[in-house]
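heads up, no residue letters with this:
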């Protein structure tokens, strides 16, 4: 239990530091083209591996370009984390695209379409019944 709390705190610190790096530290033009949001950070129990899930606003080609820029900046991010957190060994950093927001939006759109169809079918049923 204590170790998982430590891992959660470490993940929160990494999320904060990488967010600051995205705003002001990383100078790659590819990353600055789109709005990048860190949705989740997963850290292994031994604190040696870190997956950073990002949501990138834009079309698929832009998302791929920004993700390539983030992949190119992993060594810089790792070095900055080691420096800022005063660690002997910084975790291996991997950026992954989080499609959860896109999936959630598409599910909400489908639900609203179903609601509209349900309303249409119930209103046409009422009209048929009254005639």
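Okay, I see it. Keep in mind it's a predicted model, so treat the numbers as computed, not measured.

for the chain, which spans come out with low pLDDT?
1-3, 124-131 (pLDDT under 70).

ok, longest helix in it?
Counting residues, the longest helix found in the chain (DSSP state H) is helix 100-130.

ranges for the helices of the protein?
Per DSSP H, the chain carries helices over the ranges 2-20, 29-32, 60-72, 74-85, 100-130.

so for residue 50, which of these sits nearest?
Closest to residue 50 of these, according to CB to CB: helix 2-20, at 6.0 Å. No exception for glycine: its C-beta is placed from N, CA and C like everyone else's.

which strands and helices sit next to that closest one?
strand 35-43, strand 49-57, helix 74-85 (3 or more CB pairs under 8 Å, 6 or more residues apart in numbering; DSSP states H and E).

if we go to 7 Å?
The contact analysis (3 or more CB pairs under 7 Å, 6 or more residues apart in numbering; DSSP states H and E) places helix 2-20 against strand 35-43, helix 74-85.

list the buried residues of that helix.
Within helix 2-20, the residues that count as buried by 16 or more other CB atoms under 10 Å are 7, 10-11, 14-15, 17-19.

once you drop chain neighbours, what's closest to residue 12?
Nearest non-adjacent residue to residue 12, counting by CB to CB, 6 or more residues apart in numbering: residue 41, 7.5 Å away.

identify the bridge partners of the residue nearest the centre of the chain.
The geometric centre of the chain, computed from its C-alpha atoms, lies nearest to residue 54 (CA atoms, centre = their mean), at 2.7 Å. Beta-bridge partners recorded for residue 54 (DSSP bridges): residue 38, residue 97.

picking up where we left off before, and the residue nearest to residue 12, what does it touch?
Residues counted as contacts of residue 41 (CB atoms under 7 Å, 6 or more residues apart in numbering) are 11, 14-15, 50, 52.

break the protein down into its structural domains.
As assigned by automatic domain parsing, the chain contains the domains 2-98, 99-131.

out of these, which is the most enclosed?
domain 2-98 (a mean of 15; mean count of other CB atoms under 10 Å).

sorry, back to before: in CSV, list the helices of the chain along with distance to residue 91.
CSV is the format used below for the helices of the chain (distance: least, CB to CB, whole Å):
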stretch, distance to residue 91
helix 2-20, 8
helix 29-32, 20
helix 60-72, 16
helix 74-85, 7
helix 100-130, 23
